[in-house]
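Participant: give me coordinates for this.
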Amino acid sequence: MNDCYFMELALAEAYKGKGKTLPNPAVGAVVVREGRVVATGYHEAPGRPHAEAVALERAGDKAKGATLYVTLEPCNHYGRTPPCTEKIIASGVKRVVVGLRDPNPVASGGIERLRGAGIEVTVGVLKERCFELVEDFLTLVTCGRSFLHLKLASTLDGATADRDGRSKWITGGEARRLVHRLRSYHNAVMVGIGTVLADDPLLTVREFPVEKQPIAVVVDPSLKLPVNCRLVKERAAELVVVTAQESLLSYKASLLQDLGVRLLPVFGGEGRLDLEEALNGLKEEFSVYSLLCEGGARLAGSLLVQGLVDRLSLFYAPKALGGRDFVPIFGCESRSLEEAFNFWLFECGKVGSDALLKLYSRELEMLYRRL
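Facilitator: Numbering: from 1, shown residues only. I've put the predicted structure just below:
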């Protein structure tokens, strides 16, 4: 029970850096001696000291004989910073509690190095929580592409809007507040052009203070984006529009670029874009390593069909619309049970009056089982 309590503190430290550390993982550390916390630390940004180094530096001589709690396996290699394992060994810590093993072959081996130095190591405390913390980093190092988190809200019967196309508000205030927190954890927030035309969103974090707003990404094959929408008028410099290659030749493309909007052309056909190419372009050109996609239904369906959804967060409001005249939650062709999109049900919970299902791709499930 003490291990879980102190790992919770380490997780709280790690989340202070969540969304700021990519392509590095968010990590938290706590130094405990004789049942009392003597120091804490977290990884603030790439190139900055790792969480373990920060906590041990703050602990000083009090680290001798203490227990170090860390959410991710300490690194065992020279990168921008020296190996954390050597700092831990030199500090005199007698025990290390690790939440999750590091799948990165470059940095792994820390647990074995510590045990070889005579330090007791416990692995897997609050493993699920530590896994969720670094879901983006895990996708980067194992799949080689940006992490895609799809968020959808619907009624119990799967409607994302009513018969008049209205979607405000399906879920309650607590759920919407959580979505703003999720936005703060990602480099970018992505929507389809339908959402922009219907809601005229800003796609900013408004419920929590942030050092930097996430980039706004709009998937818009034919460049229907209005030049007088709020994203163009207020966030042009932070806006990337994913569009078809042929759309670059249009007058609209020149107009948007003159207004400061950045265009990312990708290949496609029959009204569908190659979204994997888009993710790679966002990563290489704009350093977007983690995206929160907030729909709409057609974009959600395209991401599913192209196998790009790493995490799916489904908010269900305790209400139903009935009938057939509503927008379905996934805008793609129906499939047989054998062809169904399969996910790993990670957690079921309650957010205010709404239900929340957290699901991961089967690929990330298999990774979790190995760690």
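
Participant: do I have it right that residue 244 meets residue 263?
Facilitator: No. The pair residue 244 / residue 263 is not scored as a contact, 10.3 Å apart, by CB atoms under 8 Å. For every residue, glycine as well, the C-beta is placed using N, CA and C.

Participant: who touches the nearest residue to residue 145 once chain neighbours are set aside in this structure?
Facilitator: Leaving aside its chain neighbours, residue 145 sits nearest to residue 279 (5.6 Å; criterion: CB to CB, 6 or more residues apart in numbering). Going by CB atoms under 8 Å, 6 or more residues apart in numbering, residue 279 touches 145-146, 148, 291, 308.

Participant: just the strands from the stretch 251-371 of the chain, written as ranges.
Facilitator: 262-266, 268-269, 272-273, 290-293, 311-316, 327-328, 343-351, 354-361 (DSSP state E, counting those that start in this stretch).

Participant: mind putting the contacts of residue 279 in TSV, distance to residue 154 and neighbour count included?
Facilitator: As requested, these are exported to TSV (distance: CB to CB, whole Å; neighbours: other CB atoms under 10 Å):
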residue	distance to residue 154	neighbour count
145	27	16
146	25	28
148	19	25
291	20	27
308	20	20
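
Participant: now those residues in JSON lines, with distance to residue 193?
Facilitator: Below are the contacts of residue 279 laid out as JSON lines (distance: CB to CB, whole Å):
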{"residue": "145", "distance to residue 193": "23"}
{"residue": "146", "distance to residue 193": "20"}
{"residue": "148", "distance to residue 193": "18"}
{"residue": "291", "distance to residue 193": "16"}
{"residue": "308", "distance to residue 193": "18"}
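
Participant: just give me the closest of those to residue 219.
Facilitator: Of all those, residue 219 sits closest to residue 291, with 10.9 Å by CB to CB.

Participant: low-confidence ranges in this protein?
Facilitator: By pLDDT under 70, the weakly predicted segments of the chain are 1, 78-81, 107, 163-167, 269-271, 324-328, 331-336.

Participant: and with 80 instead?
Facilitator: 1, 77-82, 105-108, 159-169, 268-272, 295-296, 321-341 (pLDDT under 80).

Participant: can you give the domain ranges for it?
Facilitator: 3-133, 145-370 (the TED database).

Participant: need the winner for burial among those.
Facilitator: Neighbour counts (mean count of other CB atoms under 10 Å) averaged over each of the domains of the chain peak at domain 3-133, with a mean of 20.

Participant: how far does it stretch from start to finish?
Facilitator: 18 Å (CA to CA, to the nearest Å).

Participant: hmm, back to that, CSV please, covering the domains of the chain and showing distance to residue 139.
Facilitator: Listed next are the domains of the chain as CSV, based on distance: least, CB to CB, whole Å:
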stretch, distance to residue 139
domain 3-133, 10
domain 145-370, 4
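
Participant: re earlier: as a markdown table, the strands of the stretch 251-371 of the chain with distance to residue 226 would be great.
Facilitator: Formatted as a markdown table, the strands of the stretch 251-371 of the chain follow (distance: least, CB to CB, whole Å):
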| stretch | distance to residue 226 |
| --- | --- |
| strand 262-266 | 15 |
| strand 268-269 | 22 |
| strand 272-273 | 20 |
| strand 290-293 | 21 |
| strand 311-316 | 28 |
| strand 327-328 | 21 |
| strand 343-351 | 33 |
| strand 354-361 | 31 |
